[in-house]
Structure formats: structure tokens, C-alpha cells
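Novice: Next comes the sequence, and after it the predicted model I'd like to discuss.
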Amino acid sequence: MESQGPPPGLWQEWFAAHVFAPIERRPFFWLALLLTVVVYFGLLAGLQQLGSAARRRLTVVCTFIAGLFYLFAFFIPEPINLVKGYEQPLGSFLLAVGGFTIGLGVINLVTVHGKVLLRAQAGWHNSLAFFAGFLGMAVFGIWSMYLPQEDGATSLPLAQAAYRFLFEGLLTPLQATTFALLGFFIVSAAYRAFRIRTVEAGLMTVVAFLVMLGQVPLGQMLTNGIEPTSFLAGLRLENITNWLLTSPNAAATRGILFGAATGGFALSLRVWLSLERGSYFGKEF
Amino acid sequence: MLPLLVRLRDIDRRIVSLLTLLVLAVPLLVRVPLPIEAFPATKDLKAFIDQMPRDKLVLIACDWDASVKGECDPLTTAMMDYLMRENRPFAIFGLIPQGPELAEVIARDLAKKHGKQYGADYLNWGYRPNFTTTLIAMMSDLPATLKTDVRDVDVTSYPMMKGIRSLKDVGLIYNVTGTGILSIYIQFCGGVPLAEGGTAVIGPELYPYLQSGQLVGLLVGLGGAAQFETITDFKDERGEPGGEGLRRMGSQSLGHLLVMVLIVLGNLGVWAERRLGRPRHEQPVDDPEDAES
């Protein structure tokens, strides 16, 4: 059975019909677009004129209203909820805003590496590698997006072949290899750091060995002699491991999660009510 | 004898690395079938899928990148292969940019193996930024939030999307990840059955959700993939039993064994040193607090 969407929010249908309705006639569309751009830059210019205290007040008010929206959307029952219907349009709006943040990241990277390259500073070859990778991925990625995708095609157009080579043949193995190096560090660190000097450390070692053995076939083979249906089945390594993970481990983890959630709740309240004080790169906020 | 044992506490790290390389690489080259017993959480996941109506869409949320490909690839492959064999429709989606791309590669290969078609048997909704707001919006109105798939086609134009108004209409969300993103699905996708395929590193954090019933099933790490492959009778392209998960169990078994042996040897060395009454030379990481944490 299909789920029923939330009821429309307050004046949502009116907004949909009169404000956010698609503009069919070309001249009106361009006029509306022009008006939006003018309003946007006007707002931006207006904000620039504000003093720091006024800007701060505006940020506090916007943060509070945004938090209040989701508070109402979650805690008021659906039949009488007047804002629930706006969750999806707001989500789409924030998706678009999220897309802009990727653009900001690109601008930042291009600026930083562009300066290094133009001034031929130390490590300029790394910046060159960045531009080669960035442009290669962007050009072939966007190009191949606009080509028809054919399942089971024996040969690929140049753009798609180049993109697959860069993504599947270069980026993926490089990233996987870098992370795989961690395995060597873990083995070396376990050997050097795991010293059993206290009873607690000894207990932890025994439990760690049981869990490690119970998760792999070689370990499980050690207790394969015990029939899975016998009264001793609980002593099979996989069953001991499962019990350790689902009981003592789950209890300890739940305790940690409760602590973290309480801290997260307190932090959210402080952010929402703009009580959070601190500094960012030495600048007070 | 004791002076010889003392030397065990300082095995050259190059030897340790070489041993690690050998125990991980050799079993990958020499295929030895190793049977594995499935945990109850693995069996629960299969049982949940089996009782779902045939036409219910499964959402495979691929929130992983190439850095955790070693575990997440087999976890995704095992699930996709089973869904394709069972003729169950599924959609790929991701809140991490690389996830849907990497999953697409897996789906493409499996589609060839099982003779399946994009659009008829599986879809790729692609990547969307902003975890929280995206999921909230998808819980309200899924087609309006997604609009198009990775091929820039209106998602509502696919027959398998019929009846999908919101995430609540999805039969199961199977999240594959090496991050803590599951908590966001749990917070904002209430009422939708959830299962997790997590890397071994995040495994211990996932068990409370299993016990509370917020997860209908759980696969942890490469072992989880191997267990799922075993209980679903996974066959590779040559018709041999087991996929990447089971194939890599030899490496994982020997890797675990090596870690255990090295820990024992290191501690034997420390014990012998104390017996000889030599002063302990400190190492930056050689701290009981570190060992216990």
C-alpha cells in the first residue's frame, strides 16, 4: 500500500499555485529570473551594510527559526501539523545549497594550488598533479554524463572509457591501497603496544583472542567437534563470540551512546539558542 | 633460553611487515575453501528478505568509498547477487559521493552475470548531499526530492518505482558503510526496516541497535559478507561456491592468527626480560593504558 504524504503546510497550496508555480511564458520567466537576481544581490548588499552586532542578531534569529521549524515538524502530530508539508521543499532547497558548498571547495582548491603553481613554489608538481586529476575527472566525468548509457556495450565512447579508466583504474585502487597500509600499522602496533601487565589487560587479551578466532573459519574449526545441537553448543567459538558481541559489548556500547547522545543534545540546544561561545581560527564568535 | 626469548620483544618491523604481506597475499593466490558458520544476525537478515513481498523495493544505501572497498565491496556484492537471483528489485543510493559510483560497477557486473537490466531490475538514484535534510525530505516525498536517477531520467518513469511515494514504501534499507551514518537513518527513517553491512571497525557500535530491534539484520566486515554468501549459496562466474568474502577468509584467518602470535611473542619477550632482571627500556607506545584502551 502506498504511504500517504503529510498534509499540506500552512498556505502551502497557495504558495505552490501563485509563487512557486512554473512560469510557462518565456518573457515572464526571464523577467522573474532577472528580478530574483536583483533581489538576491540587493539582499547581499544590504547585509554587507549591517554592523557586526546586527549581523550577529540576524544569525541568532535565523538559527532559532530554523531549529524551531524542525521542532514543530517533529513533535506536533501530523493531522494538525502546519509545517510538516514544508519539510520536502526545504530539503530540496538545502540540497541545492549543499551543491554550492562543493563549488566553494573547488574554488578554494583551485586558488590555493593555482598560487603555488604560478609562483613555482616548493611542491609545485603536487599542484600540477591536482590540476591534471581535477580537470581530467571533471571533463571526462561531465562529458560522459551527457552520452547515452548502453548496457552491455562492447566498446565505449572515448569520454566514458577515459572516465572509467580514471575512476575505476586509478582513483579506486590508489585510495584502497593507501588505506590498506593501515593493516601493516595495526599488526605492528598490536605487537609493540599490547603488553599484558595487569589483570584487566589480561582479560581483555583473552576476550580479544576469542572474538578474533570466533569470526574466522580457522578459529571456528577449533570447536567444530562440538555438535551444534548439543548442550555444549554454547562453547563453540562462534557462539562465544556472538554472545560477547551482543551482550557485554552491546551493554558497554549502549552506555557510551547514551553519554554521547546526552552531550549531543546539550550541544544542539546551545547551538540552537546561540549560547555556544568559542573561537574559530582565533576569531571569536 | 631466556636471553633468546628476550629478543622476541624487538622483532624488526620490516620482518613483521613482510610476515603480514605473506599471510595476507598467499591465501589470495592459493584458493582454499574454508567453511564459515553464520551468526544469528546474518540469518535474520536473510529471513527478513525472504518474507518480504516480491515486488518490494530494497534500497542499498552505499555510504562508502574506495578506502573501505576491501570490506564494503563484498558486503554490497553479496546482497546485490542474492537480490538479483531472487528477482527482487533494488535501488542504489548514497550520501557519500563515491558510494553509488562504486556500487554501479558491482551492479553492472552482476547484471551481466544474471542477465538483468538497468531500470527493470535495479536503479541507481545516485548521490545526494546533506545527510539529514535529504533523508527527512525523502521520508516526505521521495520522487520530488530525487527527481532523476544517475542517467538523468525521471525516477517516476520506471515501472519498479510504482507505488514509491516516500522512503516509507521501501521494503528494506540495507546500509553499507564504514562511517557512523547509520544513526542518521535510525533517527530519521523510523518505521522503515533497516539492516546494516558495516566494516569490522564500526562493528561493535552496531550491536545495541540489533538488540533493540532497530536493525532487522547485521553483517559485520568481511566475515559478515562470507557468512551471507554461505547461507545464500553464492556462486561465482565459474559456478564455484563463494564470492570475494569467502575467498578472502583465508587471508583474514591467517591475519588474525599472526596478530595473536605476535602479541604472545612480544609478551613472552617482556616476561623473559623481567625474569632476567633487566631494566625495561621504555617505548612511546609501550604503555599499559594504551594496551587497555
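Specialist: All right, it came through fine.

Novice: hang on, A:Ile23 in a strand?
Specialist: No: applying DSSP: H, G, I helix; E, B strand; the rest coil, one finds A:Ile23 to be coil, outside a strand.

Novice: How many neighbouring residues does the residue nearest to it when sequence neighbours are not counted have?
Specialist: Distances taken as C-beta to C-beta, 6 or more residues apart in numbering or on different chains place A:Phe29 nearest to A:Ile23, at 4.3 Å, with adjacent residues excluded. Where you see a C-beta, it was placed from the backbone N, CA and C, and this is true even at glycine. Residues lying near A:Phe29 (other C-beta atoms under 10 Å in any protein chain shown) number 12.

Novice: Same question for the one 3 residues further on.
Specialist: A:Ala32 is surrounded by 11 other residues when neighbours are defined as other C-beta under 10 Å.

Novice: Heading C-terminal from the helix or strand containing it, find the next helix or strand.
Specialist: Assigned by DSSP states H and E, A:Ala32 falls within helix A:26-49. Using DSSP H and E, the next helix or strand after helix A:26-49 towards the C-terminus is helix A:52-75.

Novice: So B:Tyr82 sits against B:Lys235, correct?
Specialist: No: using C-beta atoms under 8 Å, B:Tyr82 is not in contact with B:Lys235, being 11.2 Å away.

Novice: how about the residues of the stretch 51-200 of chain B that lie near chain A?
Specialist: Residues of the stretch 51-200 of chain B lying close to chain A (C-beta under 8 Å from any C-beta of the partner chain) are B:65-70, B:101-102, B:105, B:108, B:111-112, B:117-118, B:128-130, B:133-134, B:136-141, B:144-145, B:151-152, B:163-166, B:168-169.

Novice: 7 Å instead, please
Specialist: With C-beta under 7 Å from any C-beta of the partner chain as the criterion, the stretch 51-200 of chain B comes near chain A at residues B:65-70, B:101-102, B:105, B:111-112, B:117-118, B:128-130, B:133-134, B:136-137, B:140-141, B:144-145, B:151, B:163, B:165-166, B:168-169.

Novice: thinking again about what came up before, which strands or helices does the helix holding A:Ala32 pack on?
Specialist: With contacts taken as 3 or more C-beta pairs under 7 Å, 6 or more residues apart in numbering or on different chains; DSSP states H and E, helix A:26-49 sits against no other helix or strand.

Novice: And for it, what's in contact with it?
Specialist: Here helix A:26-49 makes contact (C-beta atoms under 7 Å, 6 or more residues apart in numbering or on different chains) with A:Ile23.

Novice: repeat that with 8 Å
Specialist: The contact list for helix A:26-49 (C-beta atoms under 8 Å, 6 or more residues apart in numbering or on different chains) reads A:Ile23, A:Arg55, A:Leu58.

Novice: and whichever residue of chain B sits closest to chain A, how far is that from A:Val216?
Specialist: As assessed by C-beta to the nearest C-beta, chain A sits closest to B:Ala137 within chain B, at 2.4 Å. Taking C-beta to C-beta, to the nearest Å as the measure, B:Ala137 falls 42 Å from A:Val216.

Novice: Let me see the confidence value for residue 70.
Specialist: No chain was given, so I picked chain A. Here the pLDDT value assigned to A:Tyr70 is 88.

Novice: wait, I meant chain B there
Specialist: Model confidence at B:Gly70, given as pLDDT, is 92.

Novice: just A:Phe167 next, same as before
Specialist: Listed pLDDT for A:Phe167 reads 89.

Novice: Where does it sit: helix, strand or coil?
Specialist: helix.

Novice: Over to B:Glu196?
Specialist: Going by three-state DSSP: B:Glu196 is strand.

Novice: where along the chain do the helices fall?
Specialist: Answering for chain A, as no chain was given. Using DSSP state H, the helices of chain A run over residues A:12-18, A:26-49, A:52-75, A:87-118, A:124-145, A:158-166, A:172-193, A:199-214, A:217-221, A:237-244, A:250-272.

Novice: I was thinking of chain B, sorry if that wasn't clear
Specialist: Using DSSP H, helices in chain B cover B:2-6, B:13-29, B:40-51, B:69-85, B:98-114, B:131-140, B:142-146, B:182-188, B:203-211, B:221-231, B:244-247, B:249-276, B:288-292.

Novice: looking at those, which is buried most?
Specialist: For the helices of chain B, the largest average neighbour count (mean count of other C-beta atoms under 10 Å in any protein chain shown) is found in helix B:221-231, namely a mean of 27.
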